[in-house]
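Q: Okay, predicted coordinates and the sequence, questions at the end:
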Amino acid sequence: MPTTAMAQRKKRKVKTFTQYDYMLLFMTTGIALFGVLMIYSAGYYRASVFGQPFRFVKSQLMGLGIGFVLMFAVSKVDYQIFIQKIGKRYPLSLSHFVYIIALGLQIAVLFIGAEHNGAKRWIEFGPIQFQPSEISKIAAILFISYAVYRNRRALDSFIGFMCIMAYMMPLIILIAKENLSSAIIIGGISIGMCFVASNKKGYFIVCGLLLAGAMAVYIIFGDPFRMERIQIWLNVETHPKALQIKQGLYAIASGGLLGKGLGQSMQKLGYIPEAYNDMIFAVICEELGIVGAALVILAFLVLFWRIVVIACHAPDIFGTMLCVGVMVQLAIQVVINVAVVTNSIPSTGIPLPFISYGGTSEMIMMTEMGLVLGVSRQIKQK
C-alpha cells in the first residue's frame, strides 16, 4: 500500500557505532602516570645511593611506554581471534597456544632462570629480563575464558569445575615453587572466573572451606617460613623480623588525614625496604594522607566499575569472561596489597597494580587492559 511504503521510507534507520571506553582508557592512564610519580618520590633516595636518581623512573617509564604500545595494538585486534583454531588439522585454539607457551616458560625458569634475592623467578636474554609468572596470568585469563565459552554449563557442577582446575594446577604448582604470591593470584583468577561463570555457587563454599583447612594444616606442619610470616603478623610490635611492616605502619600513622606533602616521606629514607615496590601504598598514605589513599582506592573502584560495564555489554560470553578475569586479577592484587601494608593479613609480596615498580608487570597489565578495550570496541552503541 502507498501509505505503508511512505511510512517505511520515513522510518528512521538506527545506526550503530563502536568506540573505545574512554573512561577506562583515562583511568588506566591516570593511575599508571600517578604510579610513575610515586615511584619517583618513593624510590629517589634508594636510586640516589646508586648515583642515578631517576633509575627506577626511567625503567618504569620504559615498561609503561612498551605497555601502551601493546595495549593499543591488542585493542585493535579482534579479541575473538583467541577462540579460533590454529589450523584446520589442529584442534587447539590460540588461547591454548598461549597457555602452552606460559607452561613452557615456567618449566624453563626452573632450569635457566636468573636468581635474585634468593628466588629464581626471572628469565634473562642479554638486557631483556622478565618474569614468566606475569605472562602466566594473562594465559590463565585467556584459557579459562575459552573454556567457559566452549561449555559454560559444565561449571554448574563440581566435576566441571575440577576439570578446569586440573588443567590449571600444573601451571599453579610450577609457579608456587618459586613464587607463591603469583601462584595465589593465578589460583584466585581461576576460582574467581569459574565462580562468576557458574550458576551453582554452593560447591564453591565447600571447596573454599576445604582449601582453607588444607592450607592451614600445610602451613602449621609443613611450611615454617609461612608460619613465621603469621607470627610476624600477630606480633608486629615485638617480632625482630617485623621491620618492614612496622615501618609501613609508622608511615601510615605519621601521614594523618592530609599527609606530609608529596616527596616529604621520612620512612622511605631507608626505613622501609624497597619503598617503591610492594610497600608503596604506605608512602602514599604518609605523603598524601588518608584522603589521598582513599582517592587512590576510589580510582581503582571507578576502573573496576568500567570493566564491569564492559563485561555486562560484551557481544559474547568470551568477551565477558576476559573482562571478568582482568577485573578479578586487579581486585585481588589491590585488596591483598592494601591489606598487607595495613597489616590486616600476613605479609606476602604482591604489588599494587599500575603503581608499584615493575616493568614486566606494567607491560602485562597494560596488555590486559588492551583486551578489555578491545571488547569495548565491539560493543555496538546507538
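A: The structure has been received and is ready for your questions.
Q: what about the strands in the stretch 1-150 of the chain?
A: Shown for the stretch 1-150 of the chain, the strands assigned by DSSP state E, counting those that start in this stretch span residues 85-87, 90-93, 114-116, 119-125, 128-130.
Q: highest average neighbour count across those strands?
A: Comparing the strands of the stretch 1-150 of the chain by mean neighbour count (mean count of other CB atoms under 10 Å), strand 119-125 comes out on top with a mean of 15. Heads up, the C-betas are built off the backbone N, CA and C, glycines and all.
Q: hang on, the earlier thing: so which of the strands of the stretch 1-150 of the chain is nearest residue 100?
A: Residue 100 sits nearest to strand 90-93 of all those, at 7.9 Å, using CB to CB.
Q: In CSV, list the strands of the stretch 1-150 of the chain along with distance to residue 313 and mean pLDDT.
A: Shown next, in CSV, are those (distance: least, CB to CB, whole Å; pLDDT from 0 to 100):
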stretch, distance to residue 313, mean pLDDT
strand 85-87, 27, 74
strand 90-93, 24, 77
strand 114-116, 43, 69
strand 119-125, 37, 73
strand 128-130, 34, 74
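Q: can I get the ones you listed in CSV with distance to residue 354?
A: As requested, these are arranged in CSV below (distance: least, CB to CB, whole Å):
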stretch, distance to residue 354
strand 85-87, 32
strand 90-93, 29
strand 114-116, 22
strand 119-125, 20
strand 128-130, 18
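Q: which ones are touching residue 299?
A: Contacts of residue 299 were listed using CB atoms under 8 Å, 6 or more residues apart in numbering, and they are 27, 30, 31, 34.
Q: Give me the neighbour count for the second one.
A: Same thing as residue 30. 14 (other CB atoms under 10 Å).
Q: Got the confidence number for the closest residue to it other than its chain neighbours?
A: Excluding its sequence neighbours, the residue lying closest to residue 30 (CB to CB, 6 or more residues apart in numbering) is residue 299, at 6.9 Å. Note on residue 299: pLDDT of 96.
Q: separation between residue 299 and residue 23?
A: Using CB to CB, to the nearest Å, we find residue 299 at a distance of 12 Å from residue 23.
Q: Surely residue 286 and residue 248 touch.
A: No. Between residue 286 and residue 248 there is no contact, the gap being 9.1 Å when judged by CB atoms under 8 Å.
Q: where do the contact lists of the two overlap?
A: Common neighbours of residue 286 and residue 248, using CB under 8 Å, 6+ apart, are residue 267.
Q: who's in contact with stretch 58-72?
A: Residues contacting stretch 58-72 (CB under 8 Å, 6+ apart): 28, 32, 35-36, 39, 357-367, 369-370, 373.
Q: how about residue 236, phi and psi?
A: phi -60, psi -30 (degrees, to the nearest 10).
Q: what about it, distance to residue 138?
A: For residue 236, the distance to residue 138 - CB to CB - is 35 Å.
Q: which of these two has more neighbours?
A: residue 138 (23 against 18).
Q: didn't the more buried one look like it was pressed against residue 101?
A: No. In terms of CB under 8 Å, residue 138 does not count as a neighbour of residue 101; the distance is 10.6 Å.
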